[in-house]
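Q: The following comprises the amino acid sequence and a computationally predicted model.
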Amino acid sequence: MPLEVLDASYFEAPVQEVARDLIGRDLLVHDRCGGLIVATILETEAYGGPDDPASHAAFRPGGRAAIMSGPPGTVYVYAAYGMYPCFNIVTGPEGVASAVLLRGVRRAEDRRATFGPGRTTRLLGITLDDHGERIPGPRFNVSRQRRELEIAVTPRIGITRAVDTAWRFVASDET
């Protein structure tokens, strides 16, 4: 039975809703050599538009971050500290900037979990070249099926602006 995947309309929902609901879903990454990596999403963070001081849409709205206002389901990849690719999925209605940052996953094939956006992208083979890809698409998909996991909601981490905003979602046994 083929795995059912979400369509782009799923990502039209508010960023906090999508960030929470992605916990327990599988991200499917078709690697560049023809293989498939399946990883359960364990940790996300939500980033809003110009009114969210921690969002790139607020303090870096041009360049790569401009894609945050694009169609829902668009992949936004930026380099943290100029060197660590970070994987985000654009959410909400087109024209309103917001995106979900994937911070942690567990690969199905070896049960290896990793946390931190840079480590997550390295584990999944995601690079800056993935910027602008679409979900669903030939490289990325997200499963419609979702494991029911207890979810902890905490302030976002690793940021210096809006540090008290509780927009981080993590499988509670992973906190």
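A: Thanks, I have it.
Q: ok, and for the host helix or strand of residue 75, which residues are buried?
A: Element membership of residue 75, judged by DSSP states H and E, is strand 75-80. Residues of strand 75-80 classed as buried: 75, 76, 77, 78 (neighbour count, 16 or more other Cβ atoms under 10 Å). All C-beta atoms are positioned from the backbone trio N, CA, C, and that covers glycine.
Q: likewise stretch 49-62?
A: Under 16+ other Cβ under 10 Å, the buried positions of stretch 49-62 are 49, 52, 54, 55, 56, 57, 58.
Q: swap in stretch 101-119?
A: 101-107, 113-118.
Q: Also stretch 143-155?
A: Quick answer for stretch 143-155 (16+ other Cβ under 10 Å): 143, 146, 149, 151, 152.
Q: And the residues you listed, which two are furthest apart?
A: 143 and 152 (21.7 Å; Cβ to Cβ).
Q: how distant is the helix or strand of the chain with the lowest mean pLDDT from the center of its chain?
A: Of all helical and strand segments in the chain, the minimum by mean pLDDT, DSSP states H and E falls on helix 56-59, at a mean of 74. Relative to the chain's own centre, helix 56-59 is displaced by 17 Å; criterion: Cα atoms, centre = their mean, to the nearest Å.
Q: Just put the buried residues of stretch 101-119 in JSON lines and tack on secondary structure.
A: Listed next are the buried residues of stretch 101-119 as JSON lines, based on DSSP: H, G, I helix; E, B strand; the rest coil:
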{"residue": "101", "secondary structure": "strand"}
{"residue": "102", "secondary structure": "strand"}
{"residue": "103", "secondary structure": "strand"}
{"residue": "104", "secondary structure": "strand"}
{"residue": "105", "secondary structure": "strand"}
{"residue": "106", "secondary structure": "strand"}
{"residue": "107", "secondary structure": "strand"}
{"residue": "113", "secondary structure": "strand"}
{"residue": "114", "secondary structure": "strand"}
{"residue": "115", "secondary structure": "strand"}
{"residue": "116", "secondary structure": "coil"}
{"residue": "117", "secondary structure": "helix"}
{"residue": "118", "secondary structure": "helix"}
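Q: can the residues you listed go into a markdown table with extra columns for distance to residue 65?
A: Below are the buried residues of stretch 101-119 laid out as a markdown table (distance: Cβ to Cβ, whole Å):
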| residue | distance to residue 65 |
| --- | --- |
| 101 | 12 |
| 102 | 17 |
| 103 | 18 |
| 104 | 22 |
| 105 | 23 |
| 106 | 28 |
| 107 | 28 |
| 113 | 28 |
| 114 | 25 |
| 115 | 24 |
| 116 | 20 |
| 117 | 15 |
| 118 | 18 |
